[in-house]
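[1] here you go, sequence then predicted model.
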Amino acid sequence: MVTRKRPTDDMFTGGLSLQKWVKNHFHGRMERVIDLSLVAASRDHSQEVKKMWEVAIGELLELGILCTQESPSMRPTMLDAADDLDRLKRYLSGDTTAAFTSSLGISSSTLGDD
């Protein structure tokens, strides 16, 4: 959803899939894989909102990569994925109990401020 590409996009040929493309290009730099309209939508917001946006998009990308791994044994359980999405939802709704940290290792304090 954040790439605005479909798994059936013409660019995914010769064994290249959406999951592989994101995994190969992401490397913690979401601007390489997210749709430009998402970047534009965040431009006019405060630094706090931009930081929350980065956390949310980064988490969704990481979770998407993990949930679509070829080997089912390497994927998180649905319960783990739902738990991470619930924590992200609470973080985005302003839950001030702590900075967002998922069981997948991404957190609001580990993302760069650039």
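    Nice, I can see it. Residues are numbered from 1 along each chain as shown.
[2] when you work out contacts or count neighbours from here on, use the C-alpha atoms and nothing else.
    Fine.
[3] look through this protein and report the residue furthest from the middle.
    Gly14 (25.3 Å; CA atoms, centre = their mean).
[4] so which strand or helix has that residue?
    Here Gly14 sits in a region with no helix or strand, counting by DSSP states H and E.
[5] quick check, pLDDT for it.
    At Gly14, the pLDDT value in this model is 90.
[6] quick check: end-to-end length of stretch 2-15?
    22 Å (CA to CA, to the nearest Å).
[7] contact partners of it?
    By CA atoms under 8 Å, 6 or more residues apart in numbering, the surrounding residues in contact with stretch 2-15 are Ser17, Leu18, Val33, Ile34, Asp35, Leu38, Ile57, Leu61.
[8] the same query, at a cut-off of 6 Å, please.
    By CA atoms under 6 Å, 6 or more residues apart in numbering, the surrounding residues in contact with stretch 2-15 are Leu18, Val33, Ile34, Asp35.
[9] grab the nearest non-local neighbour of the third one.
    Nearest-residue entry for Ile34: Thr3, 4.3 Å, with adjacent residues in sequence omitted and distances by CA to CA, 6 or more residues apart in numbering.
[10] what does that neighbour show for phi and psi?
    Torsion angles at Thr3 (phi, psi; degrees, to the nearest 10) stand at phi -90, psi -20.
[11] okay, now Ile34: neighbour count?
    Around Ile34 there are 20 other residues, counting by other CA atoms under 10 Å.
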